[in-house]
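A.B. asks: Below are the sequence and a predicted model for it; my questions follow.
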Amino acid sequence: MTLPRILLTGKNGQVGFELQRALAPLGEVVAVGTADCDLADADAIRALMQRVQPQLVVNPAAYTAVDKAESDADKARAVNAVAPGVLGEEASRLGASVIHYSTDYVYDGSKDGLYTESDPVSPQSVYGQTKLDGERALQAVTPRHVILRTSWVVGAHGGNFAKTMLRLAGDRDELKVVADQFGAPTSASLIADVTAHIARQMLRDGADGFPFGVYHLAAAGETSWHAYAQYVIGEAIGIGKALKATPERVLPIPASSYPTPARRPQNSRLDTHKLRQTFGLHLPHWQEGVKHILQQIL
């Protein structure tokens, strides 16, 4: 039996790092990073696809510096908006499928409840717009795609909000954190494990009858950045980490007090019913994932 070949981009990112582990049992994983293929270079992508000849492409690689993207729009557009379409074109030629990742930033964050996949999109930043353009570029060239919109990604590998809070709490007696933006911290390992579940079904079923499309993937529950920071610091202290700032010394502030070049959605809460129903999945509470990551990094 010939094992399927899976091309994985962004191998050094939070999600890509976990995907190397999660996809390994499914076939031969060819994992690449920026040094192996510059996703801002369409010709390099085409050459990579022709060389690897994958049955499945998994693309977590992205330009994720949200604020920097406001002044570096061309690079963000090349990686986030153009590259997914090039990968999709080449996948279509090879008869391959694509799993691609997007973001809550495709929404404006003004909705009161959870965002569903069919809600209107309205990005408020260069990052959000280029990620939406990437979704559309992929959708335009192949029907054999799964797009997973996720939010507030956190992992043991790479930089993220939780690690930043731990570093700052080690240096300062008091922190001020935005308290009026809401979402669910979603662990990179959960994203990778769900991806592997979907990929296994995709490789087994082929194109016939597989439920391709857009899905929301986020941990259960919800919190604010402020409450998230308090939880991280409290858990770290409970594990035995010496920190200057305690949870009580994490003070809530409005987003308006902390202006950034890119606008962030006030509401990043994603409805995951479609994903759970379609693939028969349980998505654990965000605290479980964060607790597991803290045990790893501490």
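C.D. replies: Sure thing, it's come through. Note that this is a predicted model, so its numbers are computed, not measured.

A.B. asks: Please name the nearest non-neighbouring residue to the most centrally placed residue in the chain.
C.D. replies: The C-alpha lying nearest the average C-alpha coordinate of the chain belongs to Thr150 (Cα atoms, centre = their mean; 5.1 Å). Distances taken as Cβ to Cβ, 6 or more residues apart in numbering put Leu217 closest to Thr150, at 4.8 Å, once the chain neighbours are dropped. Every C-beta, even on glycine, is put in place using the N, C-alpha and C of the backbone.

A.B. asks: wait, isn't the one you found in contact with Ala192?
C.D. replies: No: using Cβ atoms under 8 Å as the test, Leu217 is too far from Ala192 to be in contact (10.6 Å).

A.B. asks: Please list all residues in contact with Asp173.
C.D. replies: Neighbour list for Asp173: 244-245, 249 [criterion: Cβ atoms under 8 Å, 6 or more residues apart in numbering].

A.B. asks: where's it, which helix or strand?
C.D. replies: Using DSSP states H and E, Asp173 sits in no helix or strand.

A.B. asks: Check His197 too.
C.D. replies: Here His197 is assigned to helix 188-205, by DSSP H and E.

A.B. asks: now what about that helix, what contacts it?
C.D. replies: Counting by Cβ under 8 Å, 6+ apart, 4, 6, 14-15, 17-19, 21-23, 25-27, 55-56, 58, 97, 99, 101, 146, 148, 150, 153-158, 210, 217, 219, 275, 279, 281, 283-284, 289, 292-293 sit against helix 188-205.

A.B. asks: rerun at 7 Å
C.D. replies: 4, 14-15, 18-19, 21-23, 26, 55-56, 58, 97, 99, 146, 150, 153-155, 210, 217, 219, 279, 281, 289 (Cβ atoms under 7 Å, 6 or more residues apart in numbering).

A.B. asks: How far away from the center of its chain is it?
C.D. replies: Taking the mean of its C-alpha atoms, helix 188-205 sits 14 Å from the chain's own mean (Cα atoms, centre = their mean, to the nearest Å).

A.B. asks: Could you shift the numbering so residue one becomes 5, and keep it that way?
C.D. replies: Got it, the first residue is 5 from now on, which makes the last one we talked about helix 192-209.

A.B. asks: show me where the stretch 5-154 of the chain has helices.
C.D. replies: With DSSP state H, counting those that start in this stretch as the criterion, the stretch 5-154 of the chain has helices at 18-27, 46-56, 77-80, 87-98, 130-145.

A.B. asks: Let's see the fourth one as CSV, backbone CA atoms only.
C.D. replies: Spelled out, it's helix 87-98. Taking Å, rounded to 0.1, in the frame of the first residue of the first chain, the C-alpha atoms of helix 87-98 are listed here in CSV:
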residue,chain,number,x,y,z
ALA,A,87,-0.3,31.9,-2.0
PRO,A,88,-3.5,30.0,-1.0
GLY,A,89,-4.8,30.4,-4.6
VAL,A,90,-1.5,29.2,-6.1
LEU,A,91,-1.5,26.2,-3.8
GLY,A,92,-5.1,25.5,-4.8
GLU,A,93,-4.4,25.8,-8.5
GLU,A,94,-1.5,23.3,-8.3
ALA,A,95,-3.5,21.0,-6.0
SER,A,96,-6.3,21.0,-8.5
ARG,A,97,-3.9,20.0,-11.3
LEU,A,98,-2.7,17.1,-9.2
